[in-house]
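Visitor: Compute the structure for the input listed below.
(one chain, ligands or ions: 1)
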Amino acid sequence: MERVGFLGSNDSASEPNFDPTDPFPIQDCSKSHSAAVDQWLGISAENVERGLLQNRTYSAHSKLDRELWIGTPVQTFQTPYFELRQILETLQPQAGETIVDLGAGYGRLAHVVTRHFPGVFFKGYEFVRERCLEGQAAMARAGLKLAQLENVDVTTLDFSKESAKYYFLYDFGSRVDVETTMENMKRCLSQHSIVVVARGGRSRDVIDKKHLWLSYSVSPLHRAHYSIYRSQPESNEMT
Ligand SMILES: C[S@@+](CC[C@H](N)C(=O)[O-])C[C@H]1O[C@@H](n2cnc3c(N)ncnc32)[C@H](O)[C@@H]1O
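Guide: Got it, this is the predicted structure:
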C-alpha cells in the first residue's frame, strides 16, 4: 500500500485530534483537524486564497455566473478529510477503478483514496489554476502515483472519454454549470454503471429534479451533507 509520508512541519501535531499515523480517520473531526491535515500535507491553501482575492481574472468569472468559491473560508468550500473517508468506506472502490472529482479544489480526495484504497485511480479537475498547482505539488511530494489533478473547466469535459466508475461533485459551480455538466454526463454515461456522489444542496437539487436516470433503478442513499446515486445495477450494464 502506498503511504503518504510525513511531509510538513511538526506544527500540525499541536492540533489535539491530529494523529499523523492516522491522518484521515473515519470518525467525525473538527474543522481544525482538516486544517492540520492540510498543513501536514504542505498545502498552503490560506496563502493561495489570499492571492486569489486580488486576481481580476477570477473576479470577472464570478460576474459571468461562475461559482469559484473565492473569498469563502478554505474549510467551508472543501469537504473535511474524515467525511471523504466515510464516503469512500461506503463506496468501497476496488483496485483498478477510478474516482473523478469534478471541481477538485486542492485535491484532498486523492490523498484519502491513495492511503485507504490502494490501486484506485484518482482524477481531479479544477478550474482555478492556482489551487490546481498547489494541489499538484502536494500530490507530488506525497508520491501519489495513481492520482492526477488537471486545470480543466468541467463544463467542457467530454464524458465519453471518461472511464471512471465514481464521480464526486460538491457544488462545484453555478447552477447553470452544474446543470450543463450533468446533462453532458447523462448524454455520455447514462447507459453505463456509474456512481455519483453529490455533496451540497445545489448538486443534489439538480440531480433530484432533472436526473431520474440516477435514481431509477437504485434508490439514492441520502446523508446529511451528501447523497449517493447509481445509474443502474452492474448486471444490467450495457457495453
Ligand atoms: C465546493 S469546492 C469543492 C472542492 C472539493 N471537491 C472538495 O469537496 O473538497 C468546488 C471547486 O470547484 C471548482 N470549480 C468551479 N467551477 C468549476 C468548473 N467549471 N470546472 C472545474 N472546477 C470548477 C471551484 O474552483 C472549487 O475549487
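Visitor: and the residue of the chain found nearest the ligand, how many neighbours?
Guide: Nearest residue of the chain to the ligand, counting by Cβ to the nearest ligand atom: G103, 2.4 Å away. To be clear about C-beta, it is placed using only N, CA and C from the backbone, and glycine gets the same treatment. Number of residues near G103 (other Cβ atoms under 10 Å) recorded here: 27.
Visitor: touching the ligand at all, the host helix or strand of Q39?
Guide: Per DSSP states H and E: Q39 is located in helix 31-41. No. Against the ligand, helix 31-41 shows no contacts by Cβ under 6 Å from any ligand atom, the least distance being 9.2 Å.
Visitor: Which elements pack onto that helix?
Guide: If you count contacts as 3 or more Cβ pairs under 8 Å, 6 or more residues apart in numbering; DSSP states H and E, helix 31-41 packs onto helix 74-77, helix 81-91, helix 108-116, helix 129-142.
Visitor: residue ranges for the strands of the chain, please.
Guide: Along the chain, counting by DSSP state E, strands occupy 98-102, 121-126, 147-151, 166-170, 195-199, 221-222, 226-230.
Visitor: just checking, what packs against the first one?
Guide: Packing partners of strand 98-102 (3+ Cβ pairs under 8 Å, 6+ apart): helix 108-116, strand 121-126, strand 166-170.
Visitor: Quick check: residues of this protein near the ligand?
Guide: So the chain meets the ligand at 67-69, 77-79, 101, 103-105, 108, 125-128, 131, 153-155, 170-173, 177 (Cβ under 6 Å from any ligand atom).
Visitor: Near D65, how many residues? Count them for me, please.
Guide: D65 has 11 neighbouring residues, counting by other Cβ under 10 Å.
Visitor: Not counting its neighbours along the chain, what's nearest it?
Guide: S174 (4.8 Å; Cβ to Cβ, 6 or more residues apart in numbering).
Visitor: about what we covered before: between the helices and strands packed on helix 31-41, which one is closest to I207.
Guide: Across the helices and strands packed on helix 31-41, I207 has its closest neighbour in helix 81-91 (15.7 Å, Cβ to Cβ).
Visitor: what residues does that closest one touch?
Guide: Contact partners of helix 81-91, identified using Cβ atoms under 8 Å, 6 or more residues apart in numbering, comprise 23-29, 33-34, 37, 99, 108-109, 111-113, 116-117, 166, 168, 195, 197, 221, 225-226, 228.
Visitor: now stretch 159-171
Guide: Applying Cβ under 8 Å, 6+ apart, the set of residues contacting stretch 159-171 from outside is 67, 78-79, 87, 91, 93, 97-103, 109, 121, 123, 178, 181, 184-185, 187-189, 193-203, 226.
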